[in-house]
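Visitor: okay, here's the prediction I keep looking at, along with the sequence it came from:
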Amino acid sequence: MKMMKNVALPAALLALVCVCEGVTFGQLCQGNPNNDKRTSDTWGQGHYGAPRGSRTHKGLDIVCDDNSSVYAPFDVTINRKVIVYTDPSKAAINNGIEMEGEGLCFKLFYVNPDKTSGTVSKGQRLGVMMPMQSVYPGITSHVHVQMCDNSDPTVHF
Ligand code: ZN
């Protein structure tokens, strides 16, 4: 009896820790099973807080080749379609999706959504990566992950 108690308690604590802070994104992009991050290229860096001229980068960039399928990282409810830019010269990659799941609200930029409401199960297709090379030649094509409250998404990867 004593031994069982000693085993059961740490397991219960571990479960509690996972529920509180352990939300991790599943695979976002076809061909990138480990959610590899954009590091550095001629257009800039992909980490949260990277400089973008006079502003800072409010998201995290996950490598995704143009025209790849983009998947739900966990079960999500889609809130709306997002318009990324006001600049018409970037119209080719101007779409994104805002969604919620696992207690998180976040946006994915540069994704053409299959649908703009309803639910999508983990691993099912949300949409398609837009042709980023046509706007930023030579960039590491990527999906931009941005939390709705602009907090750092890196802890979830
Ligand atoms: Zn980005």
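Guide: Perfect, I can see it now.

Visitor: give me every residue in this protein lying close to the ion.
Guide: Residues of the chain found near the ion (Cβ under 5 Å from the ion) are Gly59, Asp61, His144. Just so you know, the C-beta spots here come from the backbone N, C-alpha and C atoms, and that holds for glycine as well.

Visitor: need the pLDDT of the first one.
Guide: Same thing as Gly59. For Gly59, the model assigns a pLDDT of 98.

Visitor: same question for the last one.
Guide: In the prediction, the pLDDT value recorded for His144 is 98.

Visitor: shouldn't it be within a strand?
Guide: Yes. Under DSSP: H, G, I helix; E, B strand; the rest coil, His144 falls within a strand.

Visitor: now, which of the residues of the chain next to the ion sits nearest Lys81?
Guide: Nearest to Lys81, judged by Cβ to Cβ, of these is His144 at 14.9 Å.

Visitor: I'd guessed the closest one sits against Tyr110; true?
Guide: Yes. The pair His144 / Tyr110 is scored as a contact, 6.2 Å apart, by Cβ atoms under 8 Å.

Visitor: shared neighbours of these two, which are they?
Guide: Common contacts of His144 and Tyr110 (Cβ atoms under 8 Å, 6 or more residues apart in numbering): Gly96.

Visitor: these two: which has the busier surroundings?
Guide: A direct count of neighbours by other Cβ atoms under 10 Å for His144 and Tyr110 places Tyr110 higher, at 27 against 22.

Visitor: the more buried one contacts Lys90, doesn't it?
Guide: No. Applying Cβ under 8 Å, one finds Tyr110 not in contact with Lys90, separated by 9.7 Å.

Visitor: contacting residues around Asn32?
Guide: Ile62, Val63, Cys64, Ser68.

Visitor: give me the distance between the residue of the chain found nearest the ion and Phe106.
Guide: Using Cβ to the ion, the single residue of the chain nearest to the ion is His144, 3.3 Å away. Separation of His144 from Phe106 (Cβ to Cβ, to the nearest Å): 10 Å.

Visitor: one step back: mutual contacts of Tyr110 and Lys90, please.
Guide: Shared contacts of Tyr110 and Lys90, defined by Cβ under 8 Å, 6+ apart, comprise Val84.

Visitor: that'll do, ta.
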